[in-house]
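[1] Next come a sequence and a model predicted from it.
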Amino acid sequence: MPELAHNLAAVSQRIALAAQLADRAPDSVTLLAVSKTFPAEDVRAVHAAGQRAFGENYVQEALTKIEALADLRASLEWHFIGPLQSNKTRPVAENFDWVHSVDRLKIAQRLAEQRPANLPPLNVCLQVNVSGEATKAGVAPADAAQVAHAIAALPQLRLRGLMAIPEPAGGVDEQRAPHRQLRELFDKLRADGLELDTLSMGMSSDLEAAVLEGATIVRVGTAIFGKRDYSN
């Protein structure tokens, strides 16, 4: 699927240019290809073009894909980035390498209990509701430090950093503000002694703003795979 390889290259170029503007090394930003609603063969094609990290939002759909692509497992990194309910934590703990959407301590505790002992610790990010939207998951910035320290103490998990999904904004300057807020919180938690290295922020429409503010992982779906069809 040459179109997908072309899209992947175009997004990688956008990241490299934004990193250059921010006076950062392009390889300081990891591209997470968000493959939710797209079939396993699309993931296979993007993997063949050199992509290794893939993000999924829906547990059942993701498990089907992970199974279909089992032959690539050694060179694929699976990231869960969607809302996670308590009754769905076990398959995520057993099958994923990362969870970006830990939005409360209870979810982290369940993931820690259910992560198989033979697997490396599960990499997790604490989701922060930087825009204060009532409809959006995530801890309030004021509560982040307390929850982050509690998660960092759990076995079988490795707290890597913070994740946010800011509300859409117009220009790059407006887009940068919530990303800056998350980075400032990240810096504060590091100063508090937490060993964090990951800022998961920025998507197809605002990845430049996120990279300028220090994103280490950008989550890009539409710009790689195309427009999503939610009808099925």
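    Here it is on my side, so go on.

[2] Just the endpoints, please. Distance across stretch 32-48?
    Stretch 32-48 has its terminal residues 15 Å apart, counting by C-alpha to C-alpha, to the nearest Å.

[3] got the buried residues for that stretch?
    Buried residues in stretch 32-48, defined by neighbour count with 16 or more other C-beta atoms under 10 Å: 32-38, 40, 42-47. C-betas here are computed from N, CA, C, even on glycine.

[4] Then stretch 127-139?
    By neighbour count on 16+ other C-beta under 10 Å, the buried set for stretch 127-139 is Q127, V128, N129, V130, S131, K136, A137, G138, V139.

[5] what does stretch 55-72 give?
    G55, E56, N57, V59, E61, A62, L63, K65, I66, L69.

[6] wouldn't the first one be in contact with R219 here?
    So the one you mean is G55. Yes: at 5.5 Å, G55 and R219 qualify as touching, with contact defined as C-beta atoms under 8 Å.

[7] where do the contact lists of the two overlap?
    Counting by C-beta atoms under 8 Å, 6 or more residues apart in numbering, the contacts common to G55 and R219 are L32, V34, I81, H100.

[8] Could you dump those into CSV and include distance to L194, secondary structure and pLDDT?
    Shown next, in CSV, are these (distance: C-beta to C-beta, whole Å; DSSP: H, G, I helix; E, B strand; the rest coil; pLDDT from 0 to 100):
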residue, distance to L194, secondary structure, pLDDT
L32, 22, strand, 98
V34, 26, strand, 98
I81, 21, coil, 98
H100, 17, strand, 98
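
[9] can you redo the residues you listed as a markdown table with distance to R115?
    Compiled in a markdown table, the shared contacts of G55 and R219 are given as follows (distance: C-beta to C-beta, whole Å):
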| residue | distance to R115 |
| --- | --- |
| L32 | 21 |
| V34 | 23 |
| I81 | 18 |
| H100 | 16 |
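
[10] wait, which of the residues you listed is closest to A148?
    Set against A148, the nearest of the shared contacts of G55 and R219 by C-beta to C-beta is H100 (14.0 Å).

[11] where's that closest one relative to A5, distance?
    Per C-beta to C-beta, to the nearest Å, H100 is found 25 Å from A5.

[12] and those two? which has more neighbours close in?
    H100 (29 against 16; other C-beta atoms under 10 Å).

[13] how about low-confidence regions in the protein?
    Applying pLDDT under 70 to the chain flags residues 232.

[14] So which residues of it form strands?
    30-34, 53-56, 77-80, 98-102, 122-127, 157-163, 198-200, 217-220 (DSSP state E).

[15] mind checking which of those strands is nearest Q181?
    strand 157-163 (10.4 Å).

[16] what packs against that closest one?
    Contacts defined by 3 or more C-beta pairs under 8 Å, 6 or more residues apart in numbering; DSSP states H and E place strand 157-163 against strand 98-102, helix 105-114, strand 122-127, helix 144-152, helix 172-191, strand 198-200.

[17] I165 contacts T135, correct?
    No: assessed by C-beta under 8 Å, I165 is found out of contact with T135, at 10.8 Å.

[18] re the thing from before, can you list the buried residues of stretch 127-139 in a markdown table and add distance to A93?
    Below are the buried residues of stretch 127-139 laid out as a markdown table (distance: C-beta to C-beta, whole Å):
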| residue | distance to A93 |
| --- | --- |
| Q127 | 17 |
| V128 | 22 |
| N129 | 23 |
| V130 | 26 |
| S131 | 29 |
| K136 | 24 |
| A137 | 18 |
| G138 | 20 |
| V139 | 20 |
